[in-house]
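Novice: Curious how this folds, go ahead:
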Amino acid sequence: MADPFYITTAIHYPNGRPHIGHAYEMVAADAIARFQRQAGRDVLFQTGTDEHGLKMVQAARDRDMPVRDLANEMSSYFHAMADRLGISYDRFMRTVDEDHYAASSAIWQAMADAGDLYLDRYEGWYSVRDEAFYDESELTGEGDDRRSPQGTPVEWTAEETWFFRLSKYQQPLLDLFAANPDFIRPESRRNEVMRFVEGGLKDLSVSRTSFDWGVPVPGSPGHVMYVWVDALTNYLTGIGYPDMNGDKAKYWPADIHLIGKDIVRFHAVYWPAFLLSAGIPLPKSVFGHGFLLTRGEKMSKSVGNVVDPMALADAFGVDALRYFFLREVSFGQDGSYSPEAIVMRVNAELANSFGNLAQRTLSFIAKNLGGEFPTAGTVQDADGMLIEEVVVACAGFKSGFTDLALSQGIEAWMRGVFACNQYIDAQAPWALRKTDPERMNAVLRTLVRAIRMLAIAILPVVPESAGKVLDQIGATERDHAAIDDDGWYDRIAASDFRIAPPSPVFPRLGMPAEA
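Specialist: From the prediction side, this is the model:
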């Protein structure tokens with residue numbers, strides 16, 4: 001039986017259309033999910049939208065439309081983006097789904113049964129944009145210009161609410177972090193959370209009465225759950241909670257909650273405290289990735305630098321965009337985007353290096369061998385050395401992705417591509433065609449084997465394009481575990497398959513006029 005692996009993105013708040021940060025998180029999670037599937041894991045991959053809360057109510061009011069209609073419209077944009085970017089999700093979660101209401105009610109009841117919920121009056125600072133409560137000590141500014149740690153406006157709120165005994169879990173959380181250093185990654189996020197918890201936890205307001213767009217609190221008319229209670233519970237909804245014996249229960253605890261660094265506190269403090277209260281096993285890790293900046297600046301509607309990921313996909317291609325996201329940014333750190341950077345990175349590494357390698361090798365075989373796979377020919381030490389370098393490069397890719405060092409994994413893969421280009425230039429099969437056809441066959445055979453291994457390795461990053469390369473050489477067996485030949489070459493060479501004159505898989509990009 002395959003080993004289960006459960007990965008989630010944050011469910012994105014759809015009070016506006018998706019931006020490049022949403023796309024980045026989805027692509028990263030998708031590449032990890034695809035990699036784990038190739039490794040033979042039984043993967044459950046969940047993304048979606050978080051549709052409750054005051055922000056949605058205000059956005060709907062501004063547009064003079066029912067909030068449910070706004071939720072349906074805006075969620076559809078995120079769904080469309082996921083499909084456009086080739087995101088291989090198993091479920092697109094919506095917090096308006098019926099089973100999610102059931103899961104949220106169940107975890108609320110479990111926390112109530114534990115004695116961790118009590119009714120009181122909340123007075124304090126609230127950020128509508130963050131859907132978060134903040135202590136006075138966390139704010140900057142004065143008077144009406146007070147700001148949250150994220151720089152968002154806050155307002156004084158007073159209402160009757162249910163409270164969760166978060167303070168009760170301060171020491172259990174510190175014990176959790178000490179016993180599981182990889183629970184929060186990268187280390188910089190772990191250190192931030194540790195400092196926050198060590199500073200003291202106060203009980204958390206977990207219901208609202210000032211609006212009714214949310215999951216109703218069981219047995220408490222007029223109260224809806226604080227948006228983060230039901231938002232975080234989506235991860236349990238996806239595995240069938242409260243039924244922990246169903247078909248999908250095997251996926252819990254989740255292996256990775258992949259989220260933006262600005263919501264680490266909710267996932268690494270509130271969420272494990274809720275789960276501890278409810279008697280539910282904790283997820284294995286929370287990974288807080290960095291922001292994707294526009295030319296070094298954080299995206300902001302007021303600044304006018306918010307980037308539409310669909311427009312980028314149209315301009316550069318989906319796989320080019322996916323490759324840039326994962327190659328350019330050291331995963332876990334902030335990264336920067338610009339049209340020039342995309343063009344430079346994709347042209348240098350995909351078009352000029354891997355794409356050109358495949359194109360000239362397969363074109364040469366189609367033209368000079370009638371598309372037949374080269375025979376073993378005259379083998380030299382350089383052939384085995386190249387295959388060994390490619391195997392090492394693919395192993396480096398695997399190691400990087402296993403450790404969530406995505407950019408470093410792709411960098412290791414590129415060393416295999418560079419080795420192949422050095423090999424083809426040194427061996428010069430076009431010259432051997434006249435002087436030593438047997439040696440030419442051995443060189444081409446080595447290159448086809450290497451191209452297949454490299455294409456299989458990079459499938460999680462550029463699935464459509466790498467799949468086309470594999471189609472061109474008849475490689476339908478794409479299991480990452482079979483990255484070594486395992487007799488593949490001999491089987492395909494003995495078949496009727498022929499390599500046709502290939503079309504370029506990674507065309508060179510030009511700078512879009514609008515950029």
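
Novice: Closest to the centroid, which residue in the chain?
Specialist: Closest residue to the average C-alpha location of the chain: residue 29 at 2.1 Å, with C-alpha atoms, centre = their mean.

Novice: Distance from the chain centre to the one helix or strand that one maps to, please.
Specialist: When secondary structure is defined by DSSP states H and E, residue 29 falls within helix 20-38. Averaging C-alpha positions (C-alpha atoms, centre = their mean, to the nearest Å) puts helix 20-38 3 Å from its chain's average.

Novice: residues touching the residue nearest to the centre of the chain, list them.
Specialist: 7-9, 45, 47, 87, 256, 258 (C-beta atoms under 8 Å, 6 or more residues apart in numbering). Every C-beta, even on glycine, is put in place using the N, C-alpha and C of the backbone.

Novice: The stretch 401-515 of the chain: helices as residue ranges?
Specialist: 406-427, 429-435, 437-458, 463-472, 488-493 (DSSP state H, counting those that start in this stretch).

Novice: among the ones you listed, which is the most enclosed?
Specialist: Of all the helices of the stretch 401-515 of the chain, helix 437-458 has the most neighbours on average by mean count of other C-beta atoms under 10 Å, namely a mean of 23.

Novice: and that one, how far from the chain's centre?
Specialist: 32 Å.

Novice: One more: stretch 347-365?
Specialist: 28 Å.

Novice: before we move on, back to that, out of the contacts of residue 29, who's nearest residue 344?
Specialist: For the contacts of residue 29, the residue nearest residue 344 by C-beta to C-beta is residue 87; the value is 25.5 Å.

Novice: hang on, the earlier thing: give me the buried subset of the contacts of residue 29.
Specialist: 7-9, 45, 47, 87, 256, 258 (16 or more other C-beta atoms under 10 Å).

Novice: between these, which is closest to residue 152?
Specialist: Among the buried ones among the contacts of residue 29, and counting by C-beta to C-beta, the member closest to residue 152 is residue 9, at 21.6 Å.

Novice: For that closest one, which residues are in contact?
Specialist: So residue 9 contacts 25-26, 29, 46-48, 258-259 (C-beta under 8 Å, 6+ apart).

Novice: try it again with 6 Å
Specialist: 25-26, 29, 47, 258 (C-beta atoms under 6 Å, 6 or more residues apart in numbering).

Novice: Likewise for residue 186?
Specialist: residue 332.

Novice: Now do the same for it: its pLDDT.
Specialist: Residue 186 carries a pLDDT score of 96 in this model.

Novice: Can you pull the poorly scored residue ranges out of the protein?
Specialist: 295-305, 477-485, 513-515 (pLDDT under 70).

Novice: Just the strands from it, written as ranges.
Specialist: 4-9, 42-49, 91-94, 117-127, 132-134, 155-164, 184-185, 204-205, 207-208, 224-225, 256-260, 286-289, 292-294, 335-337 (DSSP state E).

Novice: other SSEs contacting the longest one?
Specialist: So that's strand 117-127. strand 132-134, strand 155-164 (3 or more C-beta pairs under 6 Å, 6 or more residues apart in numbering; DSSP states H and E).

Novice: In this structure residue 13 contacts residue 48, no?
Specialist: No. In this structure residue 13 lies outside contact range of residue 48 using C-beta atoms under 6 Å: 10.9 Å.
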